[in-house]
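A.B. asks: Here you go, sequence then predicted model.
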Amino acid sequence: MTRVGVYPGSFDPITKGHEDLIHRSLAFVDKLVVAVAVNVSKQPLFTLDERVALIKQTARDTAIDVRAFDGLLVDFARSVGATVIVRGLRAVSDFEYEFQMALMNRTLAPKLETVFLVPAFDLTYLSSSLVREVARFGGDVSALVHPAVQQALRQKLGK
Ligand code: PNS
């Protein structure tokens, strides 16, 4: 049986923290669908197509598929045959939101399990919003994102 996992998020943009979780997930799923949310409540810096393209450039593995999704995550997960939702937990501050989401998703789809992964220690402080902020003010993000993302940030922000 092929075990399919779905790793949802805004990925605005993908960071080394996301990359780390993607590769950790492959230890327990045969196929991982990285699911990029169309409807991000926050106004994203990168368009949906740009966010998808950047993930494809950074996470190259035949076991990884990158897809955009609109609507409920549980419906998307069902449509790709996923049995597991993967989310990262960096700090206690993530917990409340993640716990709410996991329980809501369980209410909507009882058989879909949410699995939380802890990123590499040196990436626990990392978030897309911090990366955007550092890049916006011309800071060095080379340790935080793939070179393709660094270049895309430079182009987007004119730095
Ligand atoms: O990277 P993010 O912004 O923390 O990702 C949040 C995301 C996209 C996973 C979440 O907002 C989501 O699943 N949105 C899809 C709509 C949905 O299913 N909402 C109910 C989940 S409780």
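C.D. replies: Nice, I can see it.
A.B. asks: any idea of the pLDDT on Arg132?
C.D. replies: Looking at Arg132, its pLDDT is 97.
A.B. asks: ok, now the one 3 residues further on?
C.D. replies: Each residue has a pLDDT score; the one for Ala135 is 97.
A.B. asks: ranges for the strands of the chain?
C.D. replies: 4-9, 31-37, 64-69, 84-88, 113-117 (DSSP state E).
A.B. asks: how many neighbours does Leu108 have?
C.D. replies: 14 (other Cβ atoms under 10 Å). Just so you know, the C-beta spots here come from the backbone N, C-alpha and C atoms, and that holds for glycine as well.
A.B. asks: Please identify the residues of this structure in proximity to the ligand?
C.D. replies: The chain has residues Pro8, Gly9, Ser10, Ala37, Leu72, Leu73, Met101, Met104, Asn105 near the ligand, with proximity defined as Cβ under 6 Å from any ligand atom.
A.B. asks: just the CA coordinates of stretch 99-109, formatted as PDB?
C.D. replies: The C-alpha trace of stretch 99-109 is given here as PDB (Å, rounded to 0.1, in the frame of the first residue of the first chain):
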ATOM      1  CA  PHE A  99      -4.000  22.000  18.000                       C
ATOM      2  CA  GLN A 100      -7.200  23.800  16.900                       C
ATOM      3  CA  MET A 101      -6.600  23.100  13.300                       C
ATOM      4  CA  ALA A 102      -5.800  19.400  13.900                       C
ATOM      5  CA  LEU A 103      -9.000  18.900  16.000                       C
ATOM      6  CA  MET A 104     -11.100  20.800  13.400                       C
ATOM      7  CA  ASN A 105      -9.700  18.600  10.600                       C
ATOM      8  CA  ARG A 106     -10.300  15.500  12.700                       C
ATOM      9  CA  THR A 107     -14.000  16.600  13.200                       C
ATOM     10  CA  LEU A 108     -14.300  17.000   9.400                       C
ATOM     11  CA  ALA A 109     -12.400  13.900   8.500                       C
END
